[in-house]
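Colleague: how would this look folded up:
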Amino acid sequence: MIIKELNGHTPKFGKDCFLAENAVVIGDVVMGDQCSVWYNAVIRGDVHFIRIGDKVNIQDGAVVHCTYQTSPTTIGNNVSIGHNAIVHGCTIHDNVLVGMGAIVMDDCVIESNSIIAAGAVVTHGTRVEAGSVFAGVPAKKIKNVSQEQIANEIEGRADNYVKYAAWYK
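Modeller: Residues are numbered from 1 along each chain as shown. Now for the predicted structure:
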């Protein structure tokens, strides 16, 4: 893994985190407990800060970045960032799934208990209301999240990634 200090900022990690051998975490990044950063994932806090809550998984090939001096990235608790997703200069509240290959752009706010579908592009400044499923390009609300989706796809996935990370430690 590459953990790199930059401009006086060294990444900080909570308890019981897993970072894959080729994960990259740079600069002003603070991560909570029981997080995992998977193979080829990049978290680059070089131009603004990145704050990540507890039980967040950033899956293989995902990129978390921000915009110089204007748009930091904040990720809540129990969040899954799917394979090859891009999360950039936005705010993601608790209990959110960002699907594989999805893009969440600057100044977006993804409220709790929401799902961003695989391949969706959430364009600049979009607000995703709590309990929504957004899909498409550009992403639009397609339905409300069901209780089953909250339990299985959002909370279940966050729990599973804590379990998977334990296999690698």
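Colleague: so what does the longest helix along the chain touch, helix or strand wise?
Modeller: Counting residues, the longest helix found in the chain (DSSP state H) is helix 156-168. If you count contacts as 3 or more CB pairs under 8 Å, 6 or more residues apart in numbering; DSSP states H and E, helix 156-168 packs onto strand 18-19, strand 36-37, strand 57-58, strand 79-81. Yep, even glycine has a C-beta here, placed from its N, CA and C like the rest.
Colleague: Can you name the residues bridging to the residue minimising distance to the centre of the chain?
Modeller: Central residue of the chain (CA atoms, centre = their mean): residue 81, 4.1 Å from the mean position. For residue 81, the beta-bridge partners are residue 58, residue 98 (DSSP bridges).
Colleague: Looks like it contacts residue 61 (just checking).
Modeller: No. Counting by CB atoms under 8 Å, residue 81 stays clear of residue 61, with 10.2 Å between them.
Colleague: for the protein, longest strand please?
Modeller: strand 42-52 (DSSP state E).
Colleague: Report the buried residues of that one.
Modeller: For strand 42-52, burial by neighbour count (16 or more other CB atoms under 10 Å) applies to 42, 43, 44, 45, 46, 47, 48, 50, 51, 52.
Colleague: Helices of the chain, residue ranges please.
Modeller: With DSSP H as the criterion, the chain has helices spanning 147-149, 156-168.
Colleague: what about the nearest residue to residue 135 once chain neighbours are set aside, how many residues close to it?
Modeller: Take residue 135 and drop its neighbours on the chain: the residue closest to it by CB to CB, 6 or more residues apart in numbering is residue 117, 3.6 Å away. Residues near residue 117, counting by other CB atoms under 10 Å, number 19.
Colleague: which residues does residue 117 contact?
Modeller: 99, 102, 133, 134, 135, 136, 139, 142 (CB atoms under 8 Å, 6 or more residues apart in numbering).
Colleague: so which of those residues comes closest to residue 127?
Modeller: residue 134 (10.4 Å; CB to CB).
Colleague: give the contact list for that closest one.
Modeller: So, once contact is read as CB under 8 Å, 6+ apart, residue 134 ends up touching 114, 115, 116, 117, 120, 122, 126, 128, 140, 141, 142.
Colleague: For PyMOL, what selects the buried ones among these?
Modeller: Filtering the contacts of residue 134 down to the buried ones (16+ other CB under 10 Å) takes a single PyMOL command:
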select buried, resi 114+115+116+117+120+122+126+128
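Colleague: What about the contacts of residue 134, which are in strands?
Modeller: Per DSSP E, the subset of those in strands is 114, 115, 116, 122, 128, 140, 141, 142.
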